[in-house]
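Asker: would you be able to build a 3D model of this:
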Amino acid sequence: MKNFIYKNNALLLKIFEARFQIFSNATLFLFYFLICVFTPYAADDFFYKINPNDYALTMTKIGELFDFQIWHYFNWGGRITVIFLIQLFLLPSKILFNIVNALIQVMLINTIFYYSFHKVAMDKRDAFFLFLINNLIFLSFYKYSGVSIYLTSTINYTWMHLLVLLYYIPYLKFYLYGKNKFKFPLLFGIVAGCTNEHVFIAQLFLFFGLYFLHFYKKIKIPTYFFRSFIGVFIGGLILLSAPGNFIRAKTISFDISFNSLIDYLTYDINWLILYLKPLWFLFIVLTVIYFLLGHRFKYNYPTVFLFFIGMVSSLAMSFSPSFHNGTNLFFFFALIIFILSLFDITRVGNWSFALITSSTLILFTYLLYHHLLINKYAMEIEEYIINQKSNGNLELVVDKYPSMTNRFINYYGIETDPKCARNKHIAEYYGLTTIQTLEN
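Answerer: The predicted structure follows:
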């Protein structure tokens with residue numbers, strides 16, 4: 001009996017000690033899960049979902065999934081890791097994605113924290129930074145909801161970037177603590193190398209940079225260095241050598257030239273300065289307060305090196321046939337990690353923690369409200385499509401989503417041009433000839 005009471009008291013003590021860790025992670029999980037529940041399929045989801053209005057998991061559907069993988073590799077792109085996961089999560093009910101994505105988003109925030117402060121988030125100060133990271137990302141990255149909540153874009157970007165960041169944690173531990181263990185670096189390296197093209201280029205620079213420091217500066221490299229490099233290199237070759245990449249480039253009519261490089265660099269600088277202006281505003285304010293309190297920035301080589309790798313991933317997009325705001329997400333994560341690592345804050349007061357918690361709940365309420373509107377609109381449009389199709393009308397013009405989107409809210413809705421790829425995907429998904437929205 002005494003042992004039982006002792007064990008229960010010890011368990012309760014551990015729970016009490018981890019109360020901030022449990023509270024912050026549980027809150028963030030519910031944050032993403034509830035918003036995902038009220039987020040419908042959109043954009044490329046209709047293209048990759050091979051079982052319209054059907055969630056039966058049969059061998060026939062699995063066979064169609066692999067057939068599509070082969071077609072996609074030879075006709076559009078080599079992101080086999082991405083496309084396989086997207087189609088896999090589009091087979092069953094969306095509830096599975098909602099749960100897994102909420103877990104992954106929480107893991108991503110904790111991973112960013114780990115890279116920034118080189119520890120696992122545990123106490124009140126750490127919980128404060130978990131909420132801060134979440135809010136800072138939504139505030140700074142233009143329409144972050146588009147790459148953290150919608151299925152196809154979320155798996156393509158946040159999931160894959162987290163996978164790469166997790167893959168290199170053993171390297172971080174090696175240079176911080178001398179830990180030289182990494183199971184299956186070759187196998188996992190193939191997966192990490194086959195995520196996104198620009199991130200693969202950045203990974204190559206990471207290996208080249210580490211080997212340069214090893215060769216010229218006599219800085220040690222872990223025993224799994226070459227196995228990791230071979231794995232990532234093989235994954236990157238699978239990614240870049242896909243015949244579909246060349247077909248896609250011809251479809252977009254892309255040719256690498258001096259002008260195309262200048263166009264991308266102009267976009268990249270504009271994105272860094274203007275799109276991320278809330279980040280710079282907050283950074284300046286926090287820096288002034290931080291220095292007035294008598295503190296100074298601290299620098300550590302791992303986060304500086306990661307910032308450089310993130311910059312390479314962004315610059316590598318200049319050789320891509322297409323780019324948009326979401327493509328710079330890996331660089332953004334590296335930038336957030338670098339900025340947070342500069343501040344050496346040892347404690348957080350109760351009022352500061354209450355303020356960051358309140359702002360997180362306000363952000364959640366705002367996002368949830370708008371995603372409820374999006375979900376309601378999507379359900380009404382789907383009901384209209386099904387009714388019109390049953391009446392033999394296969395050329396539809398529907399009302400445009402009435403609410404305005406902003407830097408927080410993103411919606412990949414139906415467009416006015418029936419020939420655009422998004423509308424074609426939706427029309428094919430529902431068995432229509434064409435679908436479009438009215439001009440405003």
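Asker: from Phe297, how far off is the closest residue to His295 other than its chain neighbours?
Answerer: Nearest non-adjacent residue to His295, counting by C-beta to C-beta, 6 or more residues apart in numbering: Asp344, 6.4 Å away. All C-beta spots, glycine's among them, are computed from the backbone N, C-alpha and C. Taking C-beta to C-beta, to the nearest Å as the measure, Asp344 falls 8 Å from Phe297.
Asker: mind checking the pLDDT average for stretch 392-405?
Answerer: Mean pLDDT, stretch 392-405: 88.
Asker: revised request: answer the last question for stretch 123-134.
Answerer: 95.
Asker: list the contacts of that stretch.
Answerer: Contacts to stretch 123-134, defined as C-beta atoms under 8 Å, 6 or more residues apart in numbering, come from residues 20-21, 23-25, 27-28, 31, 109-110, 112-113, 116-117, 119-121, 336, 340, 345-348, 352-353, 356-357, 359-360, 363.
Asker: C-terminal to the longest helix seen in the chain, what's the next element?
Answerer: Longest helix in the chain, counting residues (DSSP state H): helix 350-390. As assigned by DSSP states H and E, the chain's next helix or strand after helix 350-390 is strand 395-398.
Asker: Ile435 belongs to a strand?
Answerer: Yes: under DSSP: H, G, I helix; E, B strand; the rest coil, Ile435 sits within a strand.
Asker: tell me which residue is most central in the chain.
Answerer: Thr158 (1.3 Å; C-alpha atoms, centre = their mean).
Asker: which secondary structure element is home to Ser260?
Answerer: Assigned by DSSP H and E, Ser260 falls in helix 258-270.
Asker: now do the buried residues in that helix.
Answerer: Tyr264, Tyr267, Asp268 (16 or more other C-beta atoms under 10 Å).
Asker: for stretch 366-377, same thing?
Answerer: Neighbour-count burial for stretch 366-377 flags Leu367, Leu368, His370, His371, Leu373, Ile374, Tyr377 (criterion: 16+ other C-beta under 10 Å).
Asker: outside of that stretch, which residues touch it?
Answerer: Under C-beta under 8 Å, 6+ apart, the answer for stretch 366-377 is 34-35, 38-40, 138, 145, 149, 401-403, 408-409, 411, 413.
Asker: go through those residues and say which is closest to Phe208.
Answerer: Distance to Phe208, by C-beta to C-beta, is smallest for Phe138 among the contacts of stretch 366-377, at 34.1 Å.
Asker: Ala43 versus the residue lying closest to that closest one once chain neighbours are set aside, what's the distance?
Answerer: In space, and not counting its chain neighbours, Phe138 is closest to Tyr144: 5.0 Å by C-beta to C-beta, 6+ apart. Taking C-beta to C-beta as the measure, Tyr144 falls 16 Å from Ala43.
Asker: what's the answer for Ala202, then?
Answerer: Taking C-beta to C-beta, one finds Ala202 at 26 Å from Ala43.
Asker: pLDDT weak spots in the stretch 151-300 of the chain?
Answerer: 252-255 (pLDDT under 70).
Asker: can you rerun that using 80?
Answerer: 248-260 (pLDDT under 80).
Asker: I'd like the next helix or strand past whichever strand or helix holds Arg125.
Answerer: For Arg125, the host element (DSSP H and E) is helix 124-140. Next helix or strand after helix 124-140 toward the C-terminus (DSSP H and E): helix 151-154.
Asker: for the buried residues of helix 258-270, which one is nearest Ser320?
Answerer: The closest of the buried residues of helix 258-270, once distances to Ser320 are taken by C-beta to C-beta, is Tyr264, at 7.9 Å.
Asker: ok, and the closest non-adjacent residue to that closest one?
Answerer: Spatial nearest neighbour of Tyr264, excluding adjacent residues (C-beta to C-beta, 6+ apart): Ser318 at 3.9 Å.
Asker: from memory that neighbour sits against Asn259, does it?
Answerer: No: with contacts counted by C-beta atoms under 8 Å, Ser318 stays clear of Asn259, the gap being 11.1 Å.
Asker: wait, what's in contact with the spatially closest residue to Ser241 that is not a sequence neighbour?
Answerer: The shortest distance from Ser241 to any non-neighbouring residue, by C-beta to C-beta, 6+ apart, is to Gly78 (6.8 Å). By C-beta under 8 Å, 6+ apart, the residues touching Gly78 are Cys194, Ile238, Leu239, Leu240, Ser241, Ala242, Gly244, Asn245.
Asker: and which of those is nearest to Thr60?
Answerer: For the contacts of Gly78, the nearest to Thr60 is Gly244 (24.3 Å; C-beta to C-beta).
Asker: what kind of secondary structure is the residue nearest to His295 in?
Answerer: coil.
Asker: can I assume the residue nearest to Tyr264 sits in a helix?
Answerer: Yes: secondary structure of Ser318 (three-state DSSP): part of a helix.
Asker: how far away is it from Val312?
Answerer: For Ser318, the distance to Val312 - C-beta to C-beta - is 11 Å.
Asker: looking at these two, which is more packed in?
Answerer: Val312 (22 against 17; other C-beta atoms under 10 Å).
Asker: give me the helices and strands touching the host helix or strand of the more buried one, please.
Answerer: In this structure, Val312 sits in helix 301-315 according to DSSP H and E. Packing partners of helix 301-315 (3 or more C-beta pairs under 8 Å, 6 or more residues apart in numbering; DSSP states H and E): helix 95-117, helix 169-177, helix 197-217, helix 258-270, helix 329-342.
Asker: comparing those helices, which comes out most buried?
Answerer: Comparing the helices and strands packed on helix 301-315 by mean neighbour count (mean count of other C-beta atoms under 10 Å), helix 329-342 ranks first with a mean of 23.
Asker: picking that back up, who wins for most neighbours among the contacts of stretch 366-377?
Answerer: Neighbour max across the contacts of stretch 366-377 (other C-beta under 10 Å) = Thr39, 25 neighbours.
Asker: look up how far His370 lies from that one.
Answerer: Taken as C-beta to C-beta, the span from Thr39 to His370 is 10 Å.
Asker: what of Thr416?
Answerer: 22 Å.
Asker: do the same with Leu396
Answerer: 25 Å.
Asker: got it, and Leu210?
Answerer: Leu210 is 44 Å from His370, by C-beta to C-beta.
Asker: tally of neighbours for Lys298?
Answerer: With other C-beta under 10 Å as criterion, Lys298 counts 10.
Asker: in contact with it, which residues?
Answerer: Contacts of Lys298 by C-beta under 8 Å, 6+ apart are Ser341, Leu342, Phe343, Asp344.
Asker: in contact with the third one, which residues?
Answerer: It stands for Phe343. Leu286, Tyr290, His295, Phe297, Lys298.
Asker: what does the first one give?
Answerer: If a contact means C-beta under 8 Å, 6+ apart, then Ser341 has Tyr115, Ser116, Phe117, Lys298, Tyr299, Asn300, Thr303 as its contacts.
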